[in-house]
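# based on what follows, work out the 3D shape:
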Amino acid sequence: MALSQEEVFHIARLARLGLGQGEVEKLHEQLSRIIDYFQALQEVNTTEVPPTAYPIPLQNIFREDQITPSLSPEQVLANAPQAEEGHFKVRAVLELEENGNPPPQP
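Alright, predicted model coming up:
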């Protein structure tokens with residue numbers, strides 16, 4: 001089932017896409033092929049196939065927790081651009097100045 005170019009323009013408008021004529025022609029081809037693929041899938045008998053979320057069975061793979069040495073706070077902060085009192089120092093991103101604008105970056 002081939003889409004008409006008017007239908008492609010309509011779909012583009014619904015998606016708020018501004019398309020040129022060349023883009024419409026390309027999408028016309030691609031969308032028509034996609035619809036053809038879906039029509040072919042509709043012909044497959046799936047009455048005996050149970051609904052699935054994944055094509056293969058999934059199961060969690062757990063492993064035992066192992067205690068391993070960790071980095072010291074000094075090692076963790078060694079490459080931090082800014083650190084203060086053993087913590088990363090970052091610019092506050094949620095604060096606003098009195099005029100409603102974010103504070104200037106340092």
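# what sits up against the helix ranked longest in the chain?
Identified as the longest helix of the chain according to DSSP state H is helix 21-42. Identification of contacts with helix 21-42 by CB atoms under 8 Å, 6 or more residues apart in numbering yields 1-3, 5, 8-9, 11-12, 19. Heads up, the C-betas are built off the backbone N, CA and C, glycines and all.
# if you count neighbours, what's buried in the next helix or strand along the chain from it?
Next helix or strand after helix 21-42 toward the C-terminus (DSSP states H and E): helix 73-77. By 16 or more other CB atoms under 10 Å, the buried positions in helix 73-77 come out as Leu77.
# now, of the contacts of helix 21-42, which are buried?
3, 8, 11, 19.
# return the member of those residues nearest to Asn99.
Nearest to Asn99 out of the buried ones among the contacts of helix 21-42 is Leu19 (CB to CB; 40.3 Å).
# give me the pLDDT value at the residue located most distally from the centre of the chain.
Counting by CA atoms, centre = their mean, the extreme residue of the chain relative to its mean C-alpha position is Glu85, 36.6 Å from that point. pLDDT, Glu85: 92.
# what about it? Give its phi and psi, please.
Main-chain torsions, Glu85, degrees, to the nearest 10: phi 50, psi 40.
# same check, this time on Phe88
Torsion angles at Phe88 (phi, psi; degrees, to the nearest 10) stand at phi -70, psi 140.
# what residues are up against it?
77, 80, 82.
# try 10 Å
With contact taken as CB atoms under 10 Å, 6 or more residues apart in numbering, Phe88 is in contact with 76-77, 80-82.
# what's the closest of the buried ones among the contacts of helix 21-42 to Asn101?
The closest of the buried ones among the contacts of helix 21-42 to Asn101 turns out to be Leu19 (CB to CB; 36.5 Å).
# give the closest residue to that closest one in space, chain neighbours not counted.
If you skip the residues right next to it in sequence, Leu19 has Ala12 as its closest partner in space, 4.8 Å away by CB to CB, 6 or more residues apart in numbering.
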